[in-house]
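Chemist: here is a sequence together with a model predicted from it:
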Amino acid sequence: MRPAFTLVHGTWAPGAPWTKPTSRLSEQLRKRFGSDTPLETLNWCGWNNVRTRRRGAIRLRRHLRTVSLATDRWRATGCW
């Protein structure tokens, strides 16, 4: 099975350019893994407080559970 990618922006960065479908990162992932590679962006408000980070984490967890049911090859990575 092919990998699936979820791009998640950091604090204060909703709509970060690198998370867009036309970003260089998105283009390179599709080039490397195929144009039909699942590539999604998970947006959250990006505020720097416990409540919104927790809500974002819950949304990400739910999303990754859904993705993990659809593919057997996934990894979580991050940049802080």
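Modeler: All right, it came through fine. Numbering: from 1, shown residues only.

Chemist: my guess is residue 33 meets residue 2, correct?
Modeler: Yes. Here residue 33 lies in contact with residue 2, judged by C-beta atoms under 8 Å, at a distance of 5.9 Å. Where you see a C-beta, it was placed from the backbone N, CA and C, and this is true even at glycine.

Chemist: show the end-to-end separation of stretch 3-15, please.
Modeler: One end of stretch 3-15 sits 23 Å from the other (C-alpha to C-alpha, to the nearest Å).

Chemist: select the longest helix from the protein.
Modeler: Counting residues, the longest helix in the chain under DSSP state H turns out to be helix 50-70.

Chemist: show me where the chain dips below the pLDDT cut-off.
Modeler: The chain contains residues with pLDDT under 70 at 1, 70-80.

Chemist: residue boundaries of the helices in it?
Modeler: Using DSSP H, helices in the chain cover 24-33, 50-70.

Chemist: closest one to residue 41 among those helices?
Modeler: helix 24-33 (8.8 Å; C-beta to C-beta).

Chemist: circling back to that earlier point, which strands or helices does the longest helix of the chain pack on?
Modeler: The contact analysis (3 or more C-beta pairs under 8 Å, 6 or more residues apart in numbering; DSSP states H and E) places helix 50-70 against strand 5-8, strand 39-42.
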